[in-house]
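> what shape does this take:
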Amino acid sequence: MKQKLLNQAKREYSAKQRFLALLILAPIFLLLLPYLLIQLGVKMDAFFGWAPILSKPLNGILGLLLMVLGWGLAIWSIYSQFTIGRGTPVPIMATQKLIVQPPFTYCRNPMALGAISMYLGTALLFRSLGALMLVLLGAVVLFTYIKLIEEKEMVLRFGQEYLEYRQRTPFLIPRIPGKPVERPEKPVE
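Numbers count the residues shown, from 1 in each chain. Down below sits the predicted model:
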């Protein structure tokens, strides 16, 4: 199984193939998922009798801010995967190179952070507690997948280079640029 995974990850796709994959997936993540999120969230709000969250215009300001910042971070991450890593976010079109340039220097999962921010902003914009809860549940599922599966794959594919990158770069919450990461020293055995 590991060898099959490594063989698939080593396969390099042309820029045209990668672009086509992104073109197909973009409407799903930018239009379909937010639409479904709001539809289901609003139905949950009505079913449980939940009141709208945040007041107007705070919901619009905060929601749009999170959506724009999240979208920008996600697009920047995808662009880096496409150009520097010669891959895509799609696991079958994995990056061929470990990306240790911005935005991947701020945190190891800037695309996930951007997507979650974008969806949180959508939930706030529509003032839906149900949508907010769905985003948080989706975030838990996504981060569990990243920790249990994707990080192990990265170790298999990039070895020591990834382990060193993981040691110096936070998982999700970006560090302030220029601020050194403090790690507790491990006791000498």
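
> sketch out the low-pLDDT regions of the protein for me.
For the chain, the stretches with pLDDT under 70 are 1, 177-189.

> can you give me the helices in it?
Under the criterion DSSP state H, helices of the chain are mapped to 2-10, 15-27, 33-48, 58-83, 110-125, 129-145, 151-168.

> winner for burial among those?
Taking mean count of other Cβ atoms under 10 Å as the contact definition, the stretch among those with the greatest mean neighbour count is helix 110-125, which reaches a mean of 23. Bear in mind the C-beta positions are built from the backbone N, C-alpha and C, glycine included.

> related to what we said a few turns ago, just so I know, which of the helices of the chain lies nearest Thr95?
helix 58-83 (5.4 Å; Cβ to Cβ).

> show me what that closest one is packed up against.
Using 3 or more Cβ pairs under 8 Å, 6 or more residues apart in numbering; DSSP states H and E, the elements in contact with helix 58-83 are helix 15-27, helix 110-125.

> would CSV of those helices with distance to Leu66 be doable?
Formatted as CSV, the helices and strands packed on helix 58-83 follow (distance: least, Cβ to Cβ, whole Å):
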stretch, distance to Leu66
helix 15-27, 19
helix 110-125, 3
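
> could you measure from the residue positioned nearest the centre of the chain over to Thr83?
Central residue check for the chain by Cα atoms, centre = their mean: the C-alpha nearest the mean position is that of Ala112, 0.9 Å away. Counting by Cβ to Cβ, to the nearest Å, the separation of Ala112 from Thr83 is 19 Å.

> need the CA coordinates for stretch 29-45. CSV is fine.
Included here for stretch 29-45 are C-alpha records, laid out as CSV according to Å, rounded to 0.1, in the frame of the first residue of the first chain:
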residue,chain,number,x,y,z
PHE,A,29,-15.2,24.4,-3.5
LEU,A,30,-16.1,28.0,-4.4
LEU,A,31,-19.8,27.6,-5.3
LEU,A,32,-21.3,24.2,-4.5
LEU,A,33,-20.0,23.7,-1.0
PRO,A,34,-20.9,27.2,0.2
TYR,A,35,-24.3,26.9,-1.3
LEU,A,36,-24.9,23.5,0.4
LEU,A,37,-23.5,24.8,3.6
ILE,A,38,-25.9,27.7,3.7
GLN,A,39,-28.9,25.6,2.6
LEU,A,40,-28.3,22.9,5.2
GLY,A,41,-27.3,25.4,7.9
VAL,A,42,-30.5,27.5,7.4
LYS,A,43,-32.6,24.3,7.6
MET,A,44,-30.8,23.3,10.8
ASP,A,45,-31.5,26.8,12.2
